[in-house]
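# need a 3D model of the following:
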Amino acid sequence: MSVKNLKLSLLNDFNCFTLAYGYFKAGLKDKQGCFDLFFRRVPDNGGSAICAGLKTAVDFIKNLSFSDDDIEFLKQNGNFDDDFLNYLKNFKFECDVYAIPEGTPVFAKEPIVKVVGPIIQATLIETALLISINHQTLIATKANRIARAAQGREVVELGVRRAHGADAALNGARAAFIGGCVASGCTLVKSEYDIPIFYSMTHAWVEVFDSEYEAFCAFAKQYPDNCYLLVDTYNTLKSGVKNAIKCFDDILKPLGKRPKGIRIDSGDITYLSKKARKMLDEAGYPDCRIMASNSLDEYIIRDLIIEGAKVDVFGVGERLITSASDPVFGGVYKLTALKDENGEFAPRVNFSDNVGKITLPCNKKTYRLFDEQSGKALADVISLFDEEIDSQKEIELFDPDHTWKRKTVENFIARELFVKVFEKGELVYNLPSTAEIREYCAEQVETIWDEVQRFENPHSYYVDLSENLWNIRNNMFKEFTNLKQI
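Coordinates of the predicted model:
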């Protein structure tokens, strides 16, 4: 069954159904709550992540319903009563959903998505939100690291054959494009998301023909406008590049065509690319690009550039599409507030023996403060939902954990990061195209200081709490720590 046609209503942690049933039987079907999706650590010990996956989550929520087959399955496997099953059969999503737009750099502990509405409904979309946001944010973050390592050189995502399944291949390619890749080898992303696709020959193509030269000529005749030749099947310098040049002379030049490039997929990329560049230039093909592949990542690419490799395009596969160096994005989904009998949101918090798992209570929003002169991001401030930050007034920021560390900021522009995506279950957000998200991402990454984005020991970006929010959390902490032992 294809990714596109697979019905995902039952793609859920079964625990979510049992909780929903529990709420239903406890008379809490209409109880209103506020849930935050956030993460605790940036992958690869990086300074920031790139938010992605919202479109996939939106598609799930828009199509969330339970068919007769779904109801029958749950009846047979869940020990749920008819009243609850009828509720699911007539399910209508009615929550408000807020999210940080895809392509935005985001930081640990700040909400990426917020769901406000009946807790039973918010629970039933938890898994889909986590699947969508966790996976695509992970891959977009990795792609952005790789794109930044390439220092303006193009990066092509080539991981479709190494992805962890069809969905990971398709949405991973989309996320990689958002993060900075220029194209993908996955055909379906062109059809689904209008992302450019890349193609060249394989080693099998070369081996099918009696000679490397014959294989090159056959490919050039077939694809004269996109002639990328793979030159390392036998010997990169002694045969591959030489036969490529001869093919360009014999096939493309008479047609008035120029070669797109050669690809080196093994060996010492720095040495081979330098020698190949010299050979191509001397043969009259200074515009013929050199592409490198072969298990690349941001660290190898960085080293190749430092070593002076003459590479114009990097093809990155398995280490990108699986984020091999750090393959888990630890996004979580937590209740932060519950409406009381007065219609006010009362804070809820998860205290833990593990300090890193303590959550932020309350219905909240996040501001990003930008320096008026440089346009660079200064800090993020998580505030109560009804708080406003006035850019015309100075603001005192303080470290939430080390409160004596304080800084007064002025001459800034404050921008709310959340946009409203669903209002009472109706989609109200105009989803941008993938190309627009990619462009937005590049613009927003430029607002983050280089020191925050370096690969080793990045500077910590400040994610602060408003004083009101900090006081609420601190008072709750005091209350819970003073509980008498039972």
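# my guess is Lys334 contacts Lys357. True?
No: counting by C-beta atoms under 8 Å, Lys334 sits too far from Lys357 to count as a contact (9.4 Å). All C-beta spots, glycine's among them, are computed from the backbone N, C-alpha and C.
# so where do the strands sit in the stretch 251-400 of the chain?
Taking DSSP state E, counting those that start in this stretch, the strands of the stretch 251-400 of the chain run over residues 261-264, 289-292, 313-316, 331-339, 345-347, 364-371, 377-384, 395-398.
# measure how buried the closest residue to Ser352 other than its chain neighbours is and give me the count.
Spatially, and ignoring its direct neighbours in sequence, Ser352 is nearest to Ile358 (5.7 Å; C-beta to C-beta, 6 or more residues apart in numbering). By the measure other C-beta atoms under 10 Å, the count of residues near Ile358 is 15.
# so which of the strands of the stretch 251-400 of the chain is nearest Cys34?
Cys34 lies closest to strand 331-339 among those, at 4.0 Å (C-beta to C-beta).
# thought Phe107 was touching Ser460?
No: checked against C-beta under 8 Å, the pair Phe107 and Ser460 is beyond contact range at 9.2 Å.
# domains in the protein, as residue ranges please.
Under the assignment automatic domain parsing, the domains of the chain span 14-139+327-481, 148-321.
# identify the residues contacting Leu88.
66, 70-71, 74 (C-beta atoms under 8 Å, 6 or more residues apart in numbering).
# apologies, that question was intended for Leu170.
Taking C-beta under 8 Å, 6+ apart as the criterion, Leu170 is in contact with 3, 186, 188-189, 192.
# looking at stretch 231-246 now, give me its mean pLDDT.
Stretch 231-246 shows a mean pLDDT of 98 in the predicted model.
# more neighbours: Phe107 and Ser460, which one.
Neighbour totals were compared for Phe107 and Ser460, and Phe107 leads with 23 against 12 (other C-beta under 10 Å).
# once you drop chain neighbours, what's closest to that one?
Val463 (5.0 Å).
# still on that earlier bit, now do the shared contacts for Lys334 and Lys357.
In contact with both Lys334 and Lys357: Asn350, using C-beta under 8 Å, 6+ apart.
# Arg454 - how many residues pack around it?
Arg454, neighbours per other C-beta under 10 Å, totals 13.
# per-residue pLDDT, it?
94.
# again with the one 4 residues further on
Among the per-residue scores, Pro458 shows a pLDDT of 96.
# roughly how far does it sit from Val445?
For Pro458, the distance to Val445 equals 13 Å [C-beta to C-beta, to the nearest Å].
# residue contacts, Pro259?
With C-beta under 8 Å, 6+ apart, Pro259 has these contacts: 220, 227-229, 244, 248, 252, 285, 288.
# if you could redo that for Arg415, that was the one I meant.
For Arg415, the contacting residues are 367-368, 370, by C-beta under 8 Å, 6+ apart.
# tabulate those in a markdown table, adding columns for distance to Val208 and neighbour count.
Shown next, in a markdown table, are the contacts of Arg415 (distance: C-beta to C-beta, whole Å; neighbours: other C-beta atoms under 10 Å):
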| residue | distance to Val208 | neighbour count |
| --- | --- | --- |
| Tyr367 | 59 | 24 |
| Arg368 | 55 | 24 |
| Phe370 | 56 | 18 |
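# quick check: which ranges of the stretch 351-486 of the chain have low pLDDT?
For the stretch 351-486 of the chain, applying pLDDT under 70 flags the ranges 483-486.
# what subset of the contacts of Pro259 is buried?
Among the contacts of Pro259, those classed as buried by 16 or more other C-beta atoms under 10 Å are 220, 227-229, 244, 248, 252, 285, 288.
# closest to Pro400 out of those?
Tyr228 (51.3 Å).
# does the closest one really touch Phe248, like I thought?
No: the pair Tyr228 / Phe248 is not scored as a contact, 11.7 Å apart, by C-beta under 8 Å.
# who are the contact partners of Ala292?
Under the criterion of C-beta under 8 Å, 6+ apart, the neighbours of Ala292 are 263-265, 269, 273, 304, 309, 311, 313-315.
# correction: the previous question concerned Lys357.
Taking C-beta under 8 Å, 6+ apart as the test, what Lys357 contacts is 40, 350.
# quick thing: my sequence starts at 681, can you match it?
Sure thing, new numbering starts at 681, so read that last one as Lys1037.
# what about it, distance to Leu1018?
According to C-beta to C-beta, Lys1037 and Leu1018 sit 19 Å apart.
# hang on, the earlier thing: so what pairs up with the residue nearest to Phe787 in the strands?
Note on Val1143: beta-bridge partners Asp1060, judged by DSSP bridges.
# tell me how many other residues crowd it.
By the measure other C-beta under 10 Å, the count of residues near Val1143 is 18.
# which of the domains of the chain is buried the deepest?
When those are scored by mean count of other C-beta atoms under 10 Å, the highest mean neighbour count falls to domain 828-1001 (a mean of 19).
# now do it: distance from first to last residue.
Start-to-end span of domain 828-1001 (C-alpha to C-alpha, to the nearest Å) is 17 Å.
# how far does that domain sit from the chain's center?
Distance of domain 828-1001 from its chain centroid, counting by C-alpha atoms, centre = their mean, to the nearest Å, is 25 Å.
# and what of stretch 1119-1139?
Put simply, stretch 1119-1139 sits 15 Å off its chain's centre (C-alpha atoms, centre = their mean).
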